[in-house]
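**Q** could you work out the structure for the sequence below:
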Amino acid sequence: MRRIFQEYIDENSKLLTYTAPRVLGIDEDHVNKIYRFVVTDCENNVLLDILPDRESTTIAGFFSRMNDKHNVRVVIMDMYRPYRAIISKAFPSANVHLPV
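**A** The predicted structure is shown next:
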């Protein structure tokens with residue numbers, strides 16, 4: 001049952017799309033001994049998604065399916081270096097803020 005459910009999720013998660021928020025928050029969390037990428041709408045306190053890993057290809061794929069990327073004005077993120085390159089490509093006009 002677990003395998004079938006995971007196959008379903010893997011196949012259908014590629015179909016999910018989101019509308020880009022004005023203030024995008026990105027971070028990671030350690031779940032089941034694996035770093036997961038967390039995407040939030042910081043302005044409305046909404047969790048958008050938790051991705052299965054924080055690999056650049058996974059994150060870039062997620063953002064490529066996001067609608068209205070021009071909406072993003074601010075990205076709040078930590079200093080993990082790979083995120084910077086992905087964000088600058090996906091949201092070139094957004095201001096990046098690093099929490100203190």
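
**Q** skipping its backbone neighbours, what lies nearest the residue positioned nearest the centre of the chain in space?
**A** The residue lying closest to the centre of the chain (CA atoms, centre = their mean) is residue 39, at 4.0 Å. For residue 39, ignoring the flanking residues on the chain, the nearest one in space by CB to CB, 6 or more residues apart in numbering is residue 48 at 4.4 Å. Backbone N, C-alpha and C define where each C-beta goes, glycine included.

**Q** what's the answer for residue 41, then?
**A** For residue 41, the closest residue by CB to CB, 6+ apart turns out to be residue 21, at 3.7 Å.

**Q** that's a strand at the residue nearest to the centre of the chain, yeah?
**A** Yes: assessed by DSSP: H, G, I helix; E, B strand; the rest coil, residue 39 belongs to a strand.

**Q** how many residues are close by residue 62?
**A** Residue 62: 22 surrounding residues under other CB atoms under 10 Å.

**Q** now do it, the pLDDT please.
**A** Here the pLDDT value assigned to residue 62 is 91.

**Q** endpoints of stretch 58-72, how far apart?
**A** 19 Å (CA to CA, to the nearest Å).

**Q** distance from it to the middle of the chain?
**A** Stretch 58-72 sits 8 Å away from the centroid of its parent chain (CA atoms, centre = their mean, to the nearest Å).

**Q** what's in contact with that stretch?
**A** With CB atoms under 8 Å, 6 or more residues apart in numbering as the test, stretch 58-72 has contacts from 14, 16-24, 37, 39, 49, 51-52, 83, 86, 89-91, 93-94.

**Q** using PyMOL, make a named selection holding only the buried ones among these.
**A** Burial among these is assessed by 16 or more other CB atoms under 10 Å; the matching PyMOL selection reads:
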select buried, resi 20+21+23+24+37+39+51+83+86+90+91+94
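
**Q** and the residue nearest to the centre of the chain, how far is that from residue 64?
**A** 13 Å (CB to CB, to the nearest Å).

**Q** ok so, going back, helices - which of the contacts of stretch 58-72 land there?
**A** 83, 86, 89-90 (DSSP state H).

**Q** I'd like those residues written out as CSV, with distance to residue 28 added.
**A** Shown next, in CSV, are these (distance: CB to CB, whole Å):
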residue, distance to residue 28
83, 9
86, 13
89, 19
90, 17
